[in-house]
Every structure is written in C-alpha cells, then in structure tokens.
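J.: kindly generate the corresponding structure for this input.
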Amino acid sequence: MKYSFIRPRRKTVLTPEFKLLLTFFSITLFMLFTTYGFTLYRDYKFIQKRANIVETRANLDISISNYKKEIVYLRDEIDLSQKIYKHNKVLKESITNLFDLIPTRITLSEAVLLEKGLVLYGITPNKDIYNFMLEAPLRSIFDTTYTSFYPSDNGWIHFVSTNYMEIDETKVQKDENNEEK
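T.: Next up is the predicted model:
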C-alpha cells in the first residue's frame, strides 16, 4: 500500500529557499565587512592626515617663533643703525662746525677727535690771534682747554690745543629720552 500519490523526492539541505537565504546573508555580510574595511581605511587615513597636520603646525609654530626672534633682532639692528646714523650726523655737523670755527689766519695741520675731547695741531701768526679767534670759541664749547705754543722757523707759532668735555651720563640719557618723546 502506498500512502502517497506522488513519488517521493530526495530531500537535501540546500533547498532553493535556503540557497536564496544564504545568498542574501552572504551579500549582507560582504557589504558589512566591506563597509567595516572602508571605515578602517578612512580612519587610518584620517589619523595619518591629522598627524601630518599636527607636524606641519609644530613646524609652523617653530618658524613663527624664529621669525619673531628675527623681527626682534632686525628691530634692534634698525634702532642701532638709527642711533649710529644720528651719532654720525651729529659728528658730521660737529666737524663742519669745527672747521667753520677755525679762522682763515690760523692753519690746522691735524685734528684728532676723542670720545670726550678734541686735540688740534696747527700754526698761527701770533698768540693773540689764536687766543681771540680760536681759544675763546673753544672755551665756550669745552669744559677744559689746554694750549701749548712753540715757535717755528718762519716766525709763526705752532700750537697744540687739547680740549675736554666733562659729560654727565645721566644728563645725556635724560636729554635723549626727552628727544625721543
């Protein structure tokens, strides 16, 4: 006796429905792993990019500090050059004024500028011309003036005039500070 009207089929584990289910699950797992791998790759790239940015920023900070030091150095150099320029200008004017101070009858052979003084070597027709025409203006400029005379072969008189200033450093600094304001 037969209990079935159809002929029995062979049953397998891999039915078409199970194959379809397995295909969908494998596609889903593949997509999940691919997404996970992509996020790992993007995270790795982000970490590398961040490390490069941090390194670049550190280098830029170092460059900025070096530039700031260079700016300070250049400002100091500019200030120094301006002081030197001002000093040279004053010195040039002083030398010009000194040569304007020398009368035509007195001839200078040498002028030595010291830090706080001046030494003049020259020749004059007589002591009176020197005393009235050169020594008086020198005494008004310098605090201390010494002059020594000795005769020359032609009847004129050689002289050596040593002139010194007693400069008070605090007064000079106050004057410079007032000029800057």
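
J.: okay, CA-based contacts and neighbour counts for the rest of this
T.: Noted.

J.: and the next element down the chain from the helix ranked longest in the chain?
T.: Scanning the chain for the helix with the most residues, using DSSP state H, yields helix 16-101. Toward the C-terminus, helix 16-101 is succeeded by strand 107-113 as the next helix or strand (DSSP states H and E).

J.: what pairs with the next helix or strand after that following strand, parallel or antiparallel?
T.: Heading C-terminal from strand 107-113, the first helix or strand you meet, by DSSP H and E, is strand 117-124. Listed by DSSP bridges, the sheet partners of strand 117-124 and their directions read strand 107-113 (antiparallel), strand 157-164 (antiparallel).

J.: what are the buried residues along the shortest one?
T.: Okay, so that is strand 107-113. Of the residues in strand 107-113, those scored as buried under the neighbour-count criterion (16 or more other Cα atoms under 10 Å) are Leu108, Ala111.

J.: so it versus helix 16-101, what angle?
T.: 140 degrees (axes from the mean of the first three to the mean of the last three Cα atoms, to 10 degrees).

J.: now do strand 107-113, average pLDDT.
T.: Summarised as a single mean, pLDDT over strand 107-113 is 87.

J.: how is the chain partitioned into domains?
T.: Each domain of the chain is listed here as a residue range: 63-101, 104-181, per automatic domain parsing.

J.: next up, the contacts around the nearest residue to Pro151 once chain neighbours are set aside.
T.: On the basis of Cα to Cα, 6 or more residues apart in numbering, the spatially nearest residue to Pro151 that is not a chain neighbour turns out to be Ile157, at 4.4 Å. Contacts of Ile157 were listed using Cα atoms under 8 Å, 6 or more residues apart in numbering, and they are Ile123, Thr124, Pro125, Asn126, Lys127, Phe149, Tyr150, Pro151.

J.: chain neighbours aside, what residue packs nearest to the first one?
T.: The shortest distance from Ile123 to any non-neighbouring residue, by Cα to Cα, 6+ apart, is to His158 (4.3 Å).

J.: what bridges to the one you found?
T.: Applying DSSP bridges to His158 yields these beta-bridge partners: Ile123, Tyr150.

J.: do you know how far it is from Ser148?
T.: Distance from His158 to Ser148, counting by Cα to Cα, to the nearest Å: 8 Å.
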